[in-house]
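Engineer: A predicted structure for the sequence below; I have some questions about it.
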Amino acid sequence: QVQLVESGGGLVQAGGSLRLSCAASGRTFSTYAMGWFRQAPGKEREFVAGISWGGRSTYYADSVKGRFTISRDNAKNTVYLQMNSLKPEDTAVYSCAADTRSRFIRPTGYDSWGQGTQVTVSS
């Protein structure tokens with residue numbers, strides 16, 4: 001079992017930046033893929049970004065490609081989501097998730113979740 005704790009959310013103006021962090025514990029961090037998801041009120045949860053166990057492979061949803069960057073530091077058991085050029089439509093609760101059954105990125109199969117952190121982008 002993996003425990004995940006996110007931090008770094010908040011309120012930012014459109015065009016601004018935020019960096020989310022997700023600290024993991026409980027299982028060797030470098031053995032599984034990680035992902036970031038978001039859910040806005042009244043909308044389905046969206047798979048925003050994913051990263052493989054070693055960090056060599058990444059995935060981005062079209063809605064964030066070119067603006068968001070996912071990275072991981074296996075020495076610190078932490079995954080990050082750098083969000084630049086934020087838009088009001090990026091407003092959502094962002095959650096990190098661990099796919100402990102896969103080293104590689106998948107859109108589904110994540111079995112451990114953080115509590116989520118609110119990101120609000122004002123226009």
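Structural biologist: Cool, got the structure.
Engineer: name the element the residue nearest the centre of the chain belongs to?
Structural biologist: Nearest to the geometric centre of the chain sits Trp36, at 2.4 Å (CA atoms, centre = their mean). For Trp36, the element it lies in under DSSP states H and E is strand 33-39.
Engineer: Direction included, what does that strand pair up with?
Structural biologist: strand 46-51 (antiparallel), strand 92-99 (antiparallel) (DSSP bridges).
Engineer: tell me the mean pLDDT over whichever helix or strand comes after the first one?
Structural biologist: Using DSSP H and E, the helix or strand that follows strand 46-51 towards the C-terminus is strand 58-60. Strand 58-60 shows an average pLDDT of 98 in the prediction.
Engineer: what comes up buried for strand 58-60?
Structural biologist: For strand 58-60, burial by neighbour count (16 or more other CB atoms under 10 Å) applies to Tyr59, Tyr60. No exception for glycine: its C-beta is placed from N, CA and C like everyone else's.
Engineer: so what secondary structure elements neighbour that strand?
Structural biologist: strand 46-51, strand 68-73 (3 or more CB pairs under 8 Å, 6 or more residues apart in numbering; DSSP states H and E).
Engineer: residues contacting the residue nearest to the centre of the chain?
Structural biologist: Leu20, Cys22, Val48, Ala49, Gly50, Ile70, Val79, Leu81, Tyr94, Ser95, Cys96, Ala97 (CB atoms under 8 Å, 6 or more residues apart in numbering).
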